[in-house]
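Visitor: Fold the following for me, if possible:
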Amino acid sequence: MKVQDILTQKGASVYTIDVEKTVEDAVNELAAKHISALIVMDKERPVGIFTERDVLRTHLKFRETPFTAVPLCDAMTEKLIVARPDDELNVVMSAMVQADIRHMPVVSEGRLVGLLSMRDIIHQYVGSLRAELTYLQDYISRLEDAKHD
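Guide: Below is the predicted model of the structure:
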């Protein structure tokens, strides 16, 4: 399965925030949208990600500074690890586990086209396992029926 397959199923909408905003703006956006990550944009270009983990790091780093006074660019994670739509899902999942990240922007030709979360990947694998389990249960049931014939 490819990254594009998940984006097609879940939709490619991504919540973003402008790099010029503050941490307070980002926290409010996370809370209002009930999400755990925002892609930080400089015009049309993704330049970072701001997650719930960054909120904690910011609190520890800027203890005496209100979030309204902390520029988002000082609190975001700048080093983006990205996926491409044609990447294999198992490769992306492995990269996320190795990097200890829960969100991975999907980029095509330098443009942000989606965001994968570890939750998206787990849902995909659980769905596949359920389908396989159903198939195996049906197969066993047919074998038991054939045994009684």
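Visitor: those helices in this protein, which residues are they?
Guide: 3-10, 23-33, 52-61, 89-99, 118-148 (DSSP state H).
Visitor: Can you dump the C-alpha atoms of the first one in CSV for me?
Guide: Taking only C-alpha atoms (Å, rounded to 0.1, in the frame of the first residue of the first chain), the coordinates of helix 3-10 have been written out as CSV:
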residue,chain,number,x,y,z
VAL,A,3,0.8,6.8,1.1
GLN,A,4,-1.5,8.1,-1.6
ASP,A,5,-4.0,5.3,-0.8
ILE,A,6,-4.4,6.5,2.7
LEU,A,7,-4.7,10.1,1.6
THR,A,8,-7.4,9.1,-0.8
GLN,A,9,-9.3,7.4,1.9
LYS,A,10,-9.0,10.0,4.7
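Visitor: buried residues in that helix?
Guide: Val3, Gln4, Ile6, Leu7, Lys10 (16 or more other C-beta atoms under 10 Å). All C-beta spots, glycine's among them, are computed from the backbone N, C-alpha and C.
Visitor: Turn these into JSON lines, columns for pLDDT and distance to Leu136.
Guide: Formatted as JSON lines, those follow (pLDDT from 0 to 100; distance: C-beta to C-beta, whole Å):
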{"residue": "Val3", "pLDDT": "92", "distance to Leu136": "28"}
{"residue": "Gln4", "pLDDT": "92", "distance to Leu136": "28"}
{"residue": "Ile6", "pLDDT": "90", "distance to Leu136": "24"}
{"residue": "Leu7", "pLDDT": "91", "distance to Leu136": "29"}
{"residue": "Lys10", "pLDDT": "85", "distance to Leu136": "27"}
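Visitor: would you turn the helices of the chain into TSV with distance to Pro105?
Guide: Formatted as TSV, those follow (distance: least, C-beta to C-beta, whole Å):
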stretch	distance to Pro105
helix 3-10	11
helix 23-33	16
helix 52-61	15
helix 89-99	11
helix 118-148	13
